[in-house]
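**Student:** Quick one: sequence and predicted model below, then my questions.
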Amino acid sequence: MNGKSASDDRPCLLVLMGATADGAKELIAIQREARRRGEDIVGFYHSHPDHPPMWSQTDLAEAHWIGCSYSITSVAGGKADVTNSFFLAGDDESSKRLVQEPVEVLSVPRVETGATA
């Protein structure tokens, strides 16, 4: 994410942020909590079920945090498939644009399900 790293995997759904009063309040609360810990929001992610992980005009219209990454994961057959990430560049709303950026997964923790074979 543009040389930044994320230590918190709480979802911030791009399509909902700012759409309702509760969505905006949730985002502000997450930002305050992150700042209290000396961190900042570095990006947002959402999924595109049964569609490619490319940004849409709606995604661009609803992206407002210039300098942040917007990651999109395609979901095929109910399973996460491919993730792409886009950096929101520009100086203001009128010049904003999403630019594809590399995605690097540094580690994937193993999740124990408790199921036995």
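**Tutor:** That came through, no problem.
**Student:** And the strands in this protein, which stretches?
**Tutor:** Ranges of strands within the chain are 43-49, 69-76, 79-89, 97-101, based on DSSP state E.
**Student:** Please go through the protein and pick out the longest helix.
**Tutor:** helix 21-36 (DSSP state H).
**Student:** just so I know, which of the strands of the chain lies nearest Ala61?
**Tutor:** Across the strands of the chain, the minimum distance to Ala61, taken as Cβ to Cβ, is reached by strand 97-101, at 10.8 Å. (C-beta placed from N, C-alpha, C; glycine too.)
**Student:** Ranking helices and strands of this protein by mean pLDDT, which lands last?
**Tutor:** Lowest by mean pLDDT, DSSP states H and E among the helices and strands of the chain is helix 21-36, with a mean of 76.
**Student:** Take that helix, keep the C-alpha atoms, and write them as CSV.
**Tutor:** Once non-C-alpha atoms are left out, helix 21-36 reads as follows in CSV (Å, rounded to 0.1, in the frame of the first residue of the first chain):
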residue,chain,number,x,y,z
ALA,A,21,-24.6,8.7,9.3
ASP,A,22,-23.6,5.5,11.0
GLY,A,23,-21.0,4.7,8.3
ALA,A,24,-19.4,8.1,8.7
LYS,A,25,-19.4,7.9,12.5
GLU,A,26,-17.8,4.4,12.3
LEU,A,27,-15.0,5.7,10.1
ILE,A,28,-14.3,8.7,12.4
ALA,A,29,-14.2,6.4,15.4
ILE,A,30,-11.7,4.0,13.7
GLN,A,31,-9.5,7.0,12.7
ARG,A,32,-9.5,8.4,16.3
GLU,A,33,-8.6,5.0,17.7
ALA,A,34,-5.8,4.6,15.2
ARG,A,35,-4.4,8.0,16.0
ARG,A,36,-4.5,7.2,19.7
